[in-house]
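[1] got a sequence here, can you build the structure:
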Amino acid sequence: MNVWAIGAACLLGAGFIAWGSARLRMHWPLAALSVLLAAIAVQLFLATRGQDGMHDLAALMAQALTVAPALLGVATGLILARLRGHPLPLRGLPGAISALGLLTAGAVAALTFLI
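    Next up, the predicted model:
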């Protein structure tokens, strides 16, 4: 499969989940997505860092073509939902989990690109 199609699917899918979560005032889809993105980002970071000086460049490309577009999609979906007057699903425990997961995924993805 084309890597650009995978990146586009991650961008659109994450954006749709974020937008739908805000539109329907459901907190758990965004929380689940953010935790999964954080877990994927951490695993790809560890693979990119590697062991004994061996770095996995495929993991770096996977980070760039899956996690980064998904984070951009989440941001875009939440911005579009907010512009349409829907409240952001970032309140309470699921909101804290969502925010922590998205911040972790963003920080780890950025750290991956600095290796």
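[2] every contact and neighbour count from this point should use C-alpha atoms.
    OK.
[3] centre-most residue in the chain?
    Nearest to the geometric centre of the chain sits Leu71, at 3.7 Å (Cα atoms, centre = their mean).
[4] what helix or strand is it on?
    Here Leu71, judged by DSSP states H and E, is contained in helix 68-83.
[5] please name the residues that touch the residue nearest to the centre of the chain.
    Counting by Cα atoms under 8 Å, 6 or more residues apart in numbering, Leu71 touches 11, 14, 102, 105-106.
[6] confidence score at Ile40?
    For Ile40, the pLDDT comes out at 96.
[7] let me know the helix or strand that it is in.
    Using DSSP H and E, Ile40 sits in helix 28-49.
[8] for the helix or strand following that helix, name the packing helices and strands.
    Remark: after helix 28-49, the chain's next helix or strand is helix 57-62, criterion DSSP H and E. Helix 57-62 makes packing contacts with helix 28-49 when contacts are defined by 3 or more Cα pairs under 8 Å, 6 or more residues apart in numbering; DSSP states H and E.
[9] what's next to the helix it packs on, contact-wise?
    The contact list for helix 28-49 (Cα under 8 Å, 6+ apart) reads 14, 17-18, 21, 55-60, 62-63, 67, 70, 89, 94-95, 97-102, 104-106, 108-109, 111-112, 115.
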